[in-house]
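with the sequence up front, the predicted model follows.
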Amino acid sequence: MTRILKRGFPDTVASRAILILVAALVALHLVGYWAYRVGVDSLATAQRDRGLAERIVSIKRAIAGIPHEPERDRAAHDLSSASLEVHWSKVSLVLGTAPVTERTAAMAAKLKELVPDLASESFRLGFADDGALGSGEADAYRHMMLVSVRLDDGSWINFSSTTVRAAQHADWSVMAVTICFGVAIVVVAVLLLRWATRPLRDLALAAERFSLDQTPQPLSETGPAEVRRAARAFNTMRERIQHLVSERTQALAAVSHDLRTPITRLRLRSELMEDAATRDLVDADLAEMESMINSTLEFLRGGLSSEAIRPIDIVSVIETIVDDHADLGQVVSLNGVGHGRVLGRLLSLKRVFWNIIGNALKYGGHVTVSIAETPAGLVITVEDDGPGIPDGDMERVFEPFIRLEESRGRETGGSGLGLTIARAVISAHGGDISLANRPEGGLRVTISLPRLDQGEQRLP
């Protein structure tokens, strides 16, 4: 359930701010509309109660001034209305023993407060539903508020008013204005939020396009204070990284020169040895040392190279590597598409595939290289029939200087950097590399690379 909510929840700053704004507006409008309705109802109730009290007082005074009883009854009927029935009678319509309920006491106090004249009058108030009737059929007065006012001669003027209110209808004009007002606020907020969050999008785009091979272009430090601070920190970080990489590159060049010089001197001296067997062993050790130095230096470069980026037919490159191994008598085959162009560095990619195919031939007797084209790009698969790799070591072998037990001998040994460098180079080209054991035995190496049109967007 939590995952579903996370998927449906907006994922950008602007969309989340808009959602919060809309939720706040909806809540504000609902509360405001409720307060408006309560206020209108309270005002209408107060006006109605005041009018009722004033009419009771005025009708009582008018009937009290009529001396003859028949004329009083006729005047009472003439003064009746649809909302207030008036009757003159010798008896009170409201029982003297009528129960005093909470709403009865509240209404009596309210009427006395609205019209102080009623405070000095002798009157009874009750609700027919509460059993306040003294005479007449109960059904005729159902849902009625009853008021009986005593005259000086002991007779009573009885008033009855309905307590059932008319159905409240929504004020659509108010709702329409509220909705239009809310929509206008949301539209303005969307435009302002997109403008305010544009520096964040620029910052994310600059981080995605960051490359050590290009001269850094300072990110514009605009927008709110937090965004300006983040952009300034990003520019500083990028300058530091460029400076550190530049210093490391210079140090690598110096180390490379210092390490190769004694190796070259040793190789020249080995040529003076008379024992051919010893000379071959020394040359092999020197070659292995030079290979380890080259691998270490390439690893320290992080897969970076000063080589120019250009279109490459990677199928032709792999075909050349396969042919070279086949000429050495090794069993390796190639199948799949005939051409596949990528954008990248030729020597770096060639070293990667030479290493991957060479490793497969070291541990397996037969190697198959397959190249397929997918909507996502090119997929190169290298399969061998060797012992494979334990499942727990699939990711571990990509770590630097990691060598499994089977690869520690001289004939298959190495520096433990081949797969580390391969992943760095493939990642720098916008691709990916993964390992898996084949069900029938052996290892499968899968490399994906973007095609030429996709590589133009991914490579710096």
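All right, it came through fine.

tell me what the one helix or strand Arg50 maps to is packed against?
Element membership for Arg50, per DSSP states H and E: helix 13-64. Applying 3 or more CB pairs under 8 Å, 6 or more residues apart in numbering; DSSP states H and E, we find helix 13-64 packed against helix 69-78, helix 102-114, strand 144-150, strand 156-162, helix 172-208. Every C-beta, even on glycine, is put in place using the N, C-alpha and C of the backbone.

as CSV, the ones you listed with mean neighbour count, distance to Ser348 and mean pLDDT would be great.
Listed next are the helices and strands packed on helix 13-64 as CSV, based on neighbours: other CB atoms under 10 Å; distance: least, CB to CB, whole Å; pLDDT from 0 to 100:
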stretch, mean neighbour count, distance to Ser348, mean pLDDT
helix 69-78, 14, 109, 84
helix 102-114, 15, 89, 76
strand 144-150, 23, 95, 81
strand 156-162, 21, 92, 83
helix 172-208, 13, 22, 75
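
Ala360 is nearest to which of these?
helix 172-208 (33.9 Å; CB to CB).

can you name the next helix or strand after that closest one?
Taking DSSP H and E, what comes next after helix 172-208 is helix 225-270.

who does that following helix touch, helix- and strand-wise?
helix 172-208, helix 276-300.

take those and write them to a markdown table, including distance to Trp34.
Conversion of the helices and strands packed on helix 225-270 to a markdown table gives the following (distance: least, CB to CB, whole Å):
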| stretch | distance to Trp34 |
| --- | --- |
| helix 172-208 | 12 |
| helix 276-300 | 68 |
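
quick one: closest of those helices to Val379.
helix 172-208 (23.8 Å).

quick one: that closest one to helix 13-64, angle?
For helix 172-208 against helix 13-64, the angle by axes from the mean of the first three to the mean of the last three CA atoms, to 10 degrees is 170 degrees.

relative to helix 225-270, how tilted is helix 172-208?
Angle, helix 172-208 to helix 225-270, by the same axes, to 10 degrees: 20 degrees.

break the chain into its domains for me.
13-162, 209-301, 307-458 (automatic domain parsing).

from the chain's centroid, how far away is the longest one?
The gap between the average C-alpha position of domain 307-458 and the chain average comes to 37 Å, counting by CA atoms, centre = their mean, to the nearest Å.

swap in stretch 100-115?
57 Å.

thinking again about what came up before, of all the domains of the chain, which one is nearest Arg194?
domain 13-162 (5.9 Å).

residue ranges in the stretch 151-300 of the chain under the pLDDT threshold?
163-175, 209-216, 223, 249, 252-253, 256-257, 288, 291-292, 294-300 (pLDDT under 70).

tell me which residues in the helix or strand where Ser448 lies are buried?
If you go by DSSP H and E, Ser448 is part of strand 443-449. Residues 443-445, 447-449 are the ones in strand 443-449 that count as buried (16 or more other CB atoms under 10 Å).

can I get those residues in a markdown table with pLDDT and distance to Val331?
Output for those, formatted as a markdown table (pLDDT from 0 to 100; distance: CB to CB, whole Å):
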| residue | pLDDT | distance to Val331 |
| --- | --- | --- |
| Leu443 | 91 | 16 |
| Arg444 | 93 | 17 |
| Val445 | 93 | 17 |
| Ile447 | 93 | 21 |
| Ser448 | 93 | 26 |
| Leu449 | 92 | 26 |
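
now flag whichever of these is closest to Glu239.
Leu449 (31.3 Å).

using the three-state scheme, assign Ala436.
Under DSSP: H, G, I helix; E, B strand; the rest coil, Ala436 falls in the strand class.

hmm, it is touching Glu395, no?
No - using CB atoms under 8 Å, Ala436 makes no contact with Glu395, being 11.7 Å away.

so between these two, which is more surrounded?
Ranked by neighbour count (other CB atoms under 10 Å), Ala436 and Glu395 place Ala436 first, with 15 against 10.

contacts only, for the closest residue to the more buried one other than its chain neighbours.
Excluding the flanking residues, the one nearest Ala436 by CB to CB, 6 or more residues apart in numbering is Arg444, at 4.9 Å. Neighbour list for Arg444: 381-383, 435-438 [criterion: CB atoms under 8 Å, 6 or more residues apart in numbering].

does Arg444 have beta-bridge partners, and which?
With DSSP bridges as the criterion, Arg444 is bridged to Glu383, Ala436.

so how far is Phe159 from it?
As judged by CB to CB, to the nearest Å, Arg444 and Phe159 stand 97 Å apart.

point out where the stretch 351-460 of the chain drops to low pLDDT.
401-416, 453-460.

wait, isn't Leu21 in contact with Val186?
Yes - counting by CB under 8 Å, Val186 is a contact partner of Leu21 at 6.7 Å.

now do the shared contacts for the two.
Common neighbours of Leu21 and Val186 (CB under 8 Å, 6+ apart) do not exist.

in stretch 308-323, what counts as buried?
309, 312, 314-315, 317-318, 321-322.

how about stretch 84-99?
84-89, 92-95, 98.
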